[in-house]
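[1] just the structure for this:
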Amino acid sequence: FIANMTHELKTPLTSILGFADVLRVKPNVSEDERRNYADIIFAEANRLKVLSSRLMELITVNEVELHMTTVDVAKLLIRETEVYRPICEEAGVTLATDLETAVIQADDTLMSTMIVNLIDNAKKASNSGKKILVSCKKTKHHALIQVIDHGIGIPHEQLAYVTDAFYMVDKARTRKAGGAGIGLALCKAIATAHHGELHIESNLNKGTTVSVSIPLYERSE
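    Numbers count the residues shown, from 1 in each chain. Predicted structure coming up:
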């Protein structure tokens with residue numbers, strides 16, 4: 001874990017130091033070059049910020065006391081998809097919903113974090129013109145949340161590892177999209193903290209379905 005973390009921190013730091021040094025020592029830097037170097041430094045520094053935040057969430061999710069409240073999963077998903085829809089639209093990806101009311105007891109902040117991470121992963125896996133479906137179904141004892149994309153998919157032999165921290169199916173694509181292989185590990189930890197389960201089904205070049213099952217409030221009570 002420490003070796004992987006060190007590597008993930010080193011990659012953006014190398015870019016930041018390298019381009020900052022160019023700006024520092026190069027006597028004549030054109031406006032276009034300056035803007036390009038500044039954009040790279042900003043993007044890599046932002047990746048460090050996101051990485052450190054996700055790491056703290058992953059480390060502390062099972063250590064802090066959950067602030068449990070009654071949560072209508074459908075309303076939570078409406079809220080988070082509305083927030084994230086413009087980001088998907090910017091990438092040319094359609095974000096749709098199919099929601100059924102299901103009430104659970106949950107930490108609202110952590111559940112929101114899980115949903116955003118699942119949608120973000122689906123967006124990163126989807127090319128322009130593709131669709132992401134976020135759904136909620138009420139089963140006999142559980143609320144079943146699913147995020148379905150029609151993106152690049154995950155090779156079958158790698159499915160068992162994608163919820164390990166820092167594991168990346170396509171390292172170049174993940175880093176280019178600003179990821180570090182922490183999102184699914186964090187989602188699994190959040191589901192587990194709510195006595196739930198996270199399951200992934202995927203077909204290469206056809207898409208991925210991530211399902212999260214959380215006990216209904218009536219049952220957990």
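[2] tell me the pLDDT at V83?
    Listed pLDDT for V83 reads 85.
[3] tell me who's in contact with the closest residue to it other than its chain neighbours.
    In space, and not counting its chain neighbours, V83 is closest to V116: 7.8 Å by Cβ to Cβ, 6 or more residues apart in numbering. Any C-beta I mention is one placed from the backbone N, CA and C, and that applies to glycine too. By Cβ atoms under 8 Å, 6 or more residues apart in numbering, the contact list for V116 reads 80, 83-84.
[4] what do you get for T139?
    Counted by Cβ under 8 Å, 6+ apart, T139 has contacts S213.
[5] let me see the contact set for V29.
    With Cβ under 8 Å, 6+ apart, V29 has these contacts: 22-23, 37.
[6] just to revisit the earlier point, can you list the contacts of V116 in JSON lines and add secondary structure?
    Listed next are the contacts of V116 as JSON lines, based on DSSP: H, G, I helix; E, B strand; the rest coil:
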{"residue": "E80", "secondary structure": "helix"}
{"residue": "V83", "secondary structure": "helix"}
{"residue": "Y84", "secondary structure": "helix"}
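[7] hmm, which of the residues you listed are the buried ones?
    Burial by neighbour count, 16 or more other Cβ atoms under 10 Å: within the contacts of V116 this picks out 80, 84.
[8] which residues in the chain form strands?
    According to DSSP state E, the chain carries its strands in the segments 68-72, 94-99, 103-107, 131-138, 142-149, 197-203, 207-215.
[9] right, and those strands - which one's nearest K49?
    strand 103-107 (22.9 Å; Cβ to Cβ).
[10] and S135, how far from I148?
    Distance, S135 to I148, by Cβ to Cβ, to the nearest Å: 7 Å.
[11] for the nearest residue to H67 once chain neighbours are set aside, which residues make a bridge with it?
    Closest residue to H67 apart from its sequence neighbours, by Cβ to Cβ, 6+ apart: D107 at 5.2 Å. D107 has these beta-bridge partners by DSSP bridges: M68.
[12] I'd say I190 and S112 touch.
    No - taking contacts as Cβ atoms under 8 Å, I190 lies outside contact range of S112: 9.8 Å.
[13] if you count what's nearby, which of the two comes out ahead?
    I190 (28 against 18; other Cβ atoms under 10 Å).
[14] OK, contacts around that one?
    61, 110-111, 113-114.
[15] in helices, which of the residues you listed fall?
    Secondary structure from DSSP state H places 110-111, 113-114 of these in helices.
[16] before we move on, the earlier item: which of the contacts of V29 ranks first by neighbour count?
    Result: Y37 is most packed of the contacts of V29 (other Cβ under 10 Å), 19 neighbours.
[17] G18 versus that one, what's the distance?
    9 Å.
[18] quick revisit: make CSV out of the strands of the chain and add mean pLDDT and mean neighbour count.
    Output for these, formatted as CSV (pLDDT from 0 to 100; neighbours: other Cβ atoms under 10 Å):
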stretch, mean pLDDT, mean neighbour count
strand 68-72, 94, 15
strand 94-99, 96, 16
strand 103-107, 94, 21
strand 131-138, 96, 19
strand 142-149, 97, 22
strand 197-203, 94, 16
strand 207-215, 96, 21
